[in-house]
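Engineer: just a sequence and a predicted model for now, questions to come.
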Amino acid sequence: MNPEQHAPARVPSTRPTPAGSCRLSIVVPCFNEADSLAALHGRLTAVAQRTVGESYEIVLVNDGSTDRTLAAMRALATEDSHLVCIDLARNHGHQLALTAGLALCRGERILIIDADLQDPPELLEEMMNRMDQGADVVYGQRQERHGETWFKKITAALFYRILYSFSSIRIPVDTGDFRLMSRRVLSVLNDMPEQHRFIRGMVAWVGFRQEAVPYVREPRYAGSTKYTLGKMFSFAIDAITGFSTRPLHLSFYLALTAMAGAAALALYALVQWSKGDTIAGWTSLILVVSVFSSIQLFCLGIMGAYLGRTYLEAKRRPLFVIREVITQTGLSSGECPPSPPSSVSLS
Ligand code: UDP
Ligand code: MG
C-alpha cells in the first residue's frame, strides 16, 4: 500500500496523462453504496459506449465507506480497464469526495452522477447533444422526486428558493450535482480553493452557456440517503454563506428595526414618566430583554458562521487525502485510461 498522500488546497492536475486524453469522464462519489455498484457500472458502461465508444473512464471515489464498497470497486476494477477507483483516507463528505474525483479525472467532458441511480445515466446522450450545440454545462433539473419523504421534498424546495433569493449568482433551483460539463469549466472549478464547497453553485459562478435538461428523479436503487438532517443543515449553511453575504446585512437591518423599537419604547417611557406613572411592568421588562437579547444572539450567530468559515479557510488545509488509486493492473495502451498509476504523487 502506498503512503497516504494529499492534494494541496489549489488542486493541480494530478495524473501523469494530460487532461483531455479521453472524451468522457464519469465521476461518482460513493459512501456505503456496495449494493448499487454493479448495477451502476452496468448502466454507465452501456451509455458511455453508446455515446463515445471506448474513449471514456469511470472514476469512482470511495469516501471512507464502512461497508463492502471498496471491495466491490476493487472487483470491478480488475475486470474493467475503464475504471479508476480513488480510495480516500476517511469520509470527507459528498462535496469533497466529488472534488477528489474531479481533480483526478482526465476527460474532455465530465459527467457527475450519484451512485444510487436516482439520476438516470441515460440522460447523458441528450446532454452530449446539447454540448455539441455549444453548451458548456448541461445540468439535470428535477421535475419530480420519487421515493423521497415529504420532509425531504419540502426542505429541498425551500432550500433552493431561499438560496436563489439570497445569492447574486443565479444558482438554478431543483438542481443537484448531476450534470455534464466541459473541460474549460472544470479547469476553473479545480482552481477554486475554498474548503466549504457547494459545487453546483461554484459551477454556476463559472458562467459560459449553461442549460437545463428536465428529468424525473427515481427512488434510490439500494440503501438509504446519506444526508441526515444535520448534514442537510450544514450543507444549506455552507451554500448560503458561500454564495451570499446577505445574512450579514440582515443583522444590520434587524439592528435598525430593533433600534426603532427601542426608540418607541424610550418615548413611551418618557411620556409615562412625565405623567408621573413610572411603575414599570415586569412583563414588558421581560419582553424587552428577551426580544432584544435574542436579536443580538441571532446576529452574533450569523457573524460566527462567517467567522468560523473564514478561520477554516485561512488554514489552507488540503481538501482531501487519498489513500490509494486503484486501476486494472497490466494495462498496455489504449485511449483511456492509458496506464494510470496505482497511486498519485501530488507534491
Ligand atoms: N456521498 C458521499 N459521501 C458522503 C455522503 C454521500 O460520497 O458523506 C455520496 C453518496 O454515496 C451518493 C451521493 O453522495 O452517491 C449523494 O448522496 P445521497 O444519495 O445520500 O443524497 P440524496 O440523494 O439523498 O440527497
Ligand atoms: Mg441520492
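Structural biologist: It's in. Numbering: from 1, shown residues only. Ligands and ions are numbered 1, 2, ... in the order given.
Engineer: who in the protein is up against ligand 1?
Structural biologist: Proximity of the chain to ligand 1, by Cβ under 6 Å from any ligand atom, involves residues 29-31, 33, 63, 91, 93-94, 97, 114-116, 118, 225-227. Glycine gets a C-beta too; all of them are placed from N, C-alpha and C.
Engineer: looks to me like residue 109 is in a strand.
Structural biologist: Yes. Counting by DSSP: H, G, I helix; E, B strand; the rest coil, residue 109 is part of a strand.
Engineer: who does it bridge with?
Structural biologist: Here residue 109 shows beta-bridge partners residue 24, residue 182, assigned using DSSP bridges.
Engineer: what bits of the stretch 101-250 of the chain have low per-residue confidence?
Structural biologist: For the stretch 101-250 of the chain, no stretch has pLDDT under 70.
Engineer: hang on, the earlier thing: tell me the buried residues within the residues of the chain next to ligand 1.
Structural biologist: For the residues of the chain next to ligand 1, a burial check counting by 16 or more other Cβ atoms under 10 Å picks out 29-31, 33, 63, 91, 93-94, 97, 114-116, 118, 226.
Engineer: pull the helix or strand harbouring residue 233 out as CSV, backbone CA atoms only.
Structural biologist: Here residue 233, judged by DSSP states H and E, is contained in helix 229-243. Extracted in CSV, the C-alpha atoms of helix 229-243 (Å, rounded to 0.1, in the frame of the first residue of the first chain):
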residue,chain,number,x,y,z
LEU,A,229,-30.9,16.2,8.9
GLY,A,230,-27.6,17.6,10.5
LYS,A,231,-25.7,17.1,7.2
MET,A,232,-28.5,18.7,5.2
PHE,A,233,-28.5,21.7,7.6
SER,A,234,-24.7,22.3,7.4
PHE,A,235,-24.9,21.8,3.6
ALA,A,236,-27.5,24.5,3.4
ILE,A,237,-25.4,26.9,5.7
ASP,A,238,-22.3,26.2,3.5
ALA,A,239,-24.3,27.1,0.4
ILE,A,240,-25.8,30.3,1.8
THR,A,241,-22.6,31.6,3.4
GLY,A,242,-20.6,30.5,0.4
PHE,A,243,-22.7,32.4,-2.1
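Engineer: hmm, who's touching it?
Structural biologist: 93, 95, 155, 159, 162-163, 166-169, 171, 194, 196-198, 201, 205, 227, 247, 305-306, 309 (Cβ atoms under 8 Å, 6 or more residues apart in numbering).
Engineer: now, of the residues you listed, which are buried?
Structural biologist: Buried among the contacts of helix 229-243 by 16+ other Cβ under 10 Å: 93, 95, 159, 163, 166-167, 169, 171, 196-198, 201, 205, 247, 305, 309.
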